[in-house]
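Participant: What follows is a protein structure lacking sequence information:
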């Protein structure tokens, strides 16, 4: 039985969420989306992704707040890939526990390569 990688994509822009969903599903991933950090934390009460793909600048709860609260939750943590356009966010993302960083704009090849790197440390565990 093969395993499928489940991604939680957190981004406030519905166009970006839809594009990432479409592209990543076509690459063989299972994709679950959330419009902000608070919604993502609620989803994490019910699902376990293999990687979290996280935008940093969002209303309601931004990526920084999400990462802090996520890291404080009990239990094992999955890799977090930060997507952001801000130049100083790479250092800040590492400071709050992001595992990888991808600057916007990025190519789909860059995204898939970075996701693959994240999953080497955290192999997919969901039956396909």
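Facilitator: Yep, it's here. No experiment lies behind these values; they were computed from the predicted model shown.
Participant: all contacts plus neighbour counts: C-alpha atoms, from now on.
Facilitator: Noted.
Participant: Burial check on the closest residue to residue 29 other than its chain neighbours, number of neighbours?
Facilitator: What sits nearest to residue 29 in space, not counting adjacent residues and going by C-alpha to C-alpha, 6 or more residues apart in numbering, is residue 5, at 5.2 Å. Using other C-alpha atoms under 10 Å, residue 5 has 21 other residues around it.
Participant: Was I right to think residue 5 contacts residue 30?
Facilitator: Yes. Between residue 5 and residue 30 a contact is recorded at 6.0 Å, counting by C-alpha atoms under 8 Å.
Participant: Break down the protein into its strands, ranges please.
Facilitator: Using DSSP state E, the strands of the chain run over 3-4, 6-10, 30-34, 51-55, 80-84, 100-103, 126-127.
Participant: neighbouring contacts of the second one?
Facilitator: When you say that, I think you mean strand 6-10. With contacts defined as C-alpha atoms under 8 Å, 6 or more residues apart in numbering, strand 6-10 is touched by 17, 20-21, 29-37, 40, 48-55, 124, 126.
Participant: Buried members of those residues into ChimeraX, please.
Facilitator: Burial among the contacts of strand 6-10 is assessed by 16 or more other C-alpha atoms under 10 Å; the matching ChimeraX selection reads:
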select :17,20,21,29,30,31,32,33,34,35,36,37,40,48,49,50,51,52,53,54,55,124
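Participant: Report the contact partners of the most centrally placed residue in the chain.
Facilitator: Nearest to the geometric centre of the chain sits residue 53, at 1.4 Å (C-alpha atoms, centre = their mean). Neighbouring residues of residue 53 by C-alpha under 8 Å, 6+ apart: 7, 8, 9, 10, 80, 81, 82, 83.
Participant: right, and the pair among those residues with maximum separation?
Facilitator: Pairwise distances among these were taken by C-alpha to C-alpha; the largest, 13.7 Å, belongs to 7 and 83.
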